[in-house]
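A.B. asks: What follows is a protein structure lacking sequence information:
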């Protein structure tokens, strides 16, 4: 199960708290939520991952995509941080 909570929201930025396990259908749910929160509209999006207990391979791929799309990933576990170590952020090459 995954819980996604809007912690802060303004005209320019949104911060979401993600809790639980990011697996299976929850990966697509998080992707949809990010898009609905304005990622497509240029809103700065931040995901607080401190309470994420597990991420499967599809979840890691989503995090990689989000990072490239300028999403800030706060407090990732050491496992997630290691998986993202060589992923450029925000369109960098």
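C.D. replies: Okay, I see it. What you are looking at is a predicted structure, and each value in this text was computed from that prediction instead of being measured.
A.B. asks: longest strand anywhere in this protein?
C.D. replies: In the chain, with assignment by DSSP state E, the single longest strand is strand 44-55.
A.B. asks: Which positions in the helix or strand that that strand is followed by come out as buried?
C.D. replies: Next along the chain after strand 44-55, taking DSSP states H and E as the criterion, comes helix 57-68. By neighbour count on 16 or more other CB atoms under 10 Å, the buried set for helix 57-68 is 58, 59, 60, 62, 63, 64, 66, 67. From N, CA and C alone the C-beta is placed, and that goes for glycine too.
A.B. asks: and the residues you listed as CSV, adding distance to residue 16 and pLDDT?
C.D. replies: As requested, the buried residues of helix 57-68 are exported to CSV (distance: CB to CB, whole Å; pLDDT from 0 to 100):
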residue, distance to residue 16, pLDDT
58, 18, 97
59, 14, 96
60, 18, 95
62, 13, 96
63, 13, 95
64, 17, 93
66, 11, 93
67, 15, 92
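A.B. asks: Give the full set of residues in contact with the residue sitting nearest the centre point of the chain.
C.D. replies: Per CA atoms, centre = their mean, the C-alpha nearest to the average position across the chain is that of residue 47, at 4.8 Å. Applying CB atoms under 8 Å, 6 or more residues apart in numbering, we find residue 47 in contact with 15, 16, 18, 34, 66, 71, 72, 73, 74.
A.B. asks: which ones are touching the fifth one?
C.D. replies: In this case it means residue 66. The contact partners of residue 66, taken as CB under 8 Å, 6+ apart, are 34, 39, 45, 47, 73.
A.B. asks: ok, 7 Å please
C.D. replies: residue 34 (CB atoms under 7 Å, 6 or more residues apart in numbering).
A.B. asks: for residue 20, same thing?
C.D. replies: When contacts are counted by CB under 7 Å, 6+ apart, residue 20 touches 1, 2, 3, 52, 53.
A.B. asks: which other residues reach the lowest-mean-pLDDT helix or strand in the chain?
C.D. replies: Sorting the helices and strands of the chain by mean pLDDT, DSSP states H and E puts helix 78-83 at the bottom, at a mean of 90. Outside of helix 78-83, the residues within contact range by CB under 7 Å, 6+ apart are 49, 55, 60, 63.
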